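**Q** Sharing a sequence plus its predicted fold:
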Amino acid sequence: MSEKRRIIIFDTTLRDGEQSPGASMNIDEKLRVAHQLEKLNVDVIEAGFPIASDGDFEAVKKIAQTIKKPQIAGLCRANFKDIDRAWEALEHAGERGRIHTFIATSDIHMERKLQMPPEKVLETAVRAVEHAKKYTDNIEFSCEDAVRTRLPFLAQVVEAVIDAGATTVNIPDTVGYAIPHEFYEIIKYLRDNVRNIDRAIISVHCHNDLGLAVANSLAALRAGAGQIECTINGIGERAGNCSLEEVVMALRTRHDIMPYTTDVVTEHIYASSRLLSTVTGISVQPNKAIVGANAFAHEAGIHQHGVLMDKETYEIMTPESIGLNKNKLVLGKHSGRHAFVARLKELGYDLDKDDIERAFVRFKTLADAKKEIFDEDIDAIVADEIIRIDE
Ligand code: KIV
Ligand code: ZN
């Protein structure tokens, strides 16, 4: 297979993720998460929205001063005051500081929210980028609600901001409305119709309102996007953003079919997910892909037997690859003898065939009455059924 294209991972847990209801973090909490993101080796950390509050300004500044490897981005609307404030916080990161400025380009946003005609939006976008250019060459411009923007106008804005100096152009699916083949066509349209598109990196920023944020991001890579914006545990506005762990592990697991790589150290994924849940108090649903409690758990007897023989029968990636020690065989009413015997051995019981049979019958009866059988239940079964009888 030809050489793989390296994809820039832009983490916005501390900005869009923080916009998740109940997820706001204080400065120390943001800094802890930023250190973890540095370990994870993301390329860009969007640390906040400096004009939004003094606290957020201080958090972005502190992160810009402290974090040494990733680039640090700060969000600002397309006006001089926002941009000046953002740079005041970001300048501490030097060349790694990235100004991320945006304005909405869809008809509904321009008419109903901004109350600006398209020509004015275009001019505002260009002036914002030109202003940011006084501070840095590292400028990202986002067309908010790009997916619902008329394509010729989207192309016009993208071309103009690249001419003005934007080095990354971000195409957000702000309301999570796109479906994968449509999003692919949007990115392809830009590649085919924007004269100077090769002078900038195309970024994508997908929300998850239809549960398609990861699929849309992967479709965009195929059309030529070079940066994915995402968050840990997929937190973010409403249904959240593209989940970092899902998109990165999809790229790693299906490298056979997708010619892209990232520099993320995936072995830090699980710890990152746990840290964020602890800091925000927002827990992860058990069946969440990659980091949910059940993501590497097997309950059905047939599955348990399979993974005891060869993990790859039912695991497409290893728990170790995300930093978990091992998979989990959950003992319940669907479990079979193989998993039960394996757990007895793990607990140190060396029983003969008859004892195992008696214990297994007791286990099945208990499993019908209880959702999950814990190690203590097995201890009790062995103590009651085997040891007591043998005495
Ligand atoms: O969803 C969105 O459009 C955004 C932009 C500000 C990048 O978060
Ligand atoms: Zn967003």
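**A** Received, thanks. Ligands and ions are numbered 1, 2, ... in the order given.
**Q** Check which helix or strand residue 75 maps to.
**A** strand 71-77 (DSSP states H and E).
**Q** Show me what that strand is packed against.
**A** Counting contacts by 3 or more C-beta pairs under 8 Å, 6 or more residues apart in numbering; DSSP states H and E, strand 71-77 is packed against strand 44-48, helix 54-66, helix 80-90, strand 97-104. Glycine gets a C-beta too; all of them are placed from N, C-alpha and C.
**Q** That strand: partners in the sheet, and parallel or antiparallel?
**A** Next to strand 71-77 in the sheet, as set by DSSP bridges, lie strand 44-48 (parallel), strand 97-104 (parallel).
**Q** following the longest one, which helix or strand shows up next?
**A** Right, strand 97-104. Taking DSSP H and E as the definition, the helix or strand right after strand 97-104 is helix 107-108.
**Q** Okay, and residue 238 sits in which element?
**A** Counting by DSSP H and E, no helix or strand carries residue 238.
**Q** ok, and the closest non-adjacent residue to it?
**A** residue 209 (6.1 Å; C-beta to C-beta, 6 or more residues apart in numbering).
**Q** pretty sure residue 42 is in a helix, no?
**A** No: checked against DSSP: H, G, I helix; E, B strand; the rest coil, residue 42 lies outside a helix; its state is coil.
**Q** Once you drop chain neighbours, what's closest to it?
**A** residue 11 (4.3 Å).
**Q** from what I can see the one you found touches residue 41, true?
**A** No: here residue 11 lies out of contact with residue 41, judged by C-beta atoms under 8 Å, at a distance of 10.3 Å.
**Q** shared neighbours of those two, anything?
**A** Counting by C-beta atoms under 8 Å, 6 or more residues apart in numbering, the residues touching both residue 11 and residue 41 are residue 70.
**Q** Those two - which one has more neighbours?
**A** residue 11 (29 against 15; other C-beta atoms under 10 Å).
**Q** And the more buried one, how close does it get to ligand 1?
**A** Remark: distance between residue 11 and ligand 1 (C-beta to the nearest ligand atom, to the nearest Å) = 13 Å.
**Q** now swap in residue 3 and tell me
**A** Distance of residue 3 to ligand 1, given as C-beta to the nearest ligand atom: 30 Å.
**Q** so who does that residue touch?
**A** Residues counted as contacts of residue 3 (C-beta under 8 Å, 6+ apart) are residue 259.
**Q** Would you mark the buried spots in stretch 380-387?
**A** By neighbour count on 16 or more other C-beta atoms under 10 Å, the buried set for stretch 380-387 is 381, 382, 385, 386.
**Q** of the residues you listed, closest to ligand 1?
**A** Taking C-beta to the nearest ligand atom as the measure, ligand 1 lies nearest residue 381 of the buried residues of stretch 380-387, at 53.0 Å.
**Q** In terms of helices and strands, where is the residue nearest to that closest one when sequence neighbours are not counted?
**A** Once flanking residues are discounted, residue 381 sits nearest to residue 362: 4.8 Å by C-beta to C-beta, 6+ apart. Residue 362 belongs to helix 353-369 when elements are defined using DSSP H and E.
**Q** any idea which helix or strand comes after that helix?
**A** Next element after helix 353-369 (DSSP H and E): helix 375-381.
**Q** next one: that next one to chain centre, how far?
**A** Centre-to-centre, helix 375-381 and its host chain are 38 Å apart (C-alpha atoms, centre = their mean, to the nearest Å).
**Q** List the contacts of it.
**A** Defining contact as C-beta under 8 Å, 6+ apart, one finds that helix 375-381 is touched by 331, 343, 344, 347, 359, 362, 363, 366, 370.
**Q** Relative to ligand 1, which of those residues is nearest.
**A** The shortest gap between ligand 1 and any of the contacts of helix 375-381 belongs to residue 331, at 43.2 Å (C-beta to the nearest ligand atom).
**Q** can you give me the helices for the stretch 101-250 of the chain?
**A** Remark: helices assigned in the stretch 101-250 of the chain by DSSP state H, counting those that start in this stretch are 107-108, 118-132, 151-164, 180-193, 213-222, 244-253.
**Q** Could I get the buried residue list for the helix holding residue 362?
**A** Across helix 353-369, burial judged by 16+ other C-beta under 10 Å covers 355, 356, 358, 359, 360, 362, 363, 366, 367.
**Q** With distance to residue 62 and pLDDT added, can I get those residues in CSV?
**A** Output for the buried residues of helix 353-369, formatted as CSV (distance: C-beta to C-beta, whole Å; pLDDT from 0 to 100):
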residue, distance to residue 62, pLDDT
355, 61, 92
356, 59, 95
358, 62, 94
359, 57, 95
360, 57, 96
362, 57, 95
363, 54, 96
366, 53, 95
367, 51, 95
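**Q** which SSE is residue 13 in?
**A** Using DSSP H and E, residue 13 sits in no helix or strand.
**Q** tell me the contacts of the nearest residue to it once chain neighbours are set aside?
**A** Using C-beta to C-beta, 6+ apart and skipping residues adjacent in sequence, the residue nearest residue 13 is residue 231, 4.3 Å away. With contact taken as C-beta under 8 Å, 6+ apart, residue 231 is in contact with 11, 12, 13, 16, 17, 240, 241, 242, 243, 244.
**Q** mind redoing it with 10 Å?
**A** Residues near residue 231 by C-beta atoms under 10 Å, 6 or more residues apart in numbering: 11-20, 23, 46, 208, 213, 240-245, 276.
**Q** Equivalent analysis for residue 345, please.
**A** Per C-beta under 10 Å, 6+ apart, neighbours of residue 345: residue 351.
**Q** Tell me the buried residues in stretch 60-72?
**A** Result for stretch 60-72 [16+ other C-beta under 10 Å]: buried residues 60, 61, 62, 63, 64, 67, 70, 71, 72.
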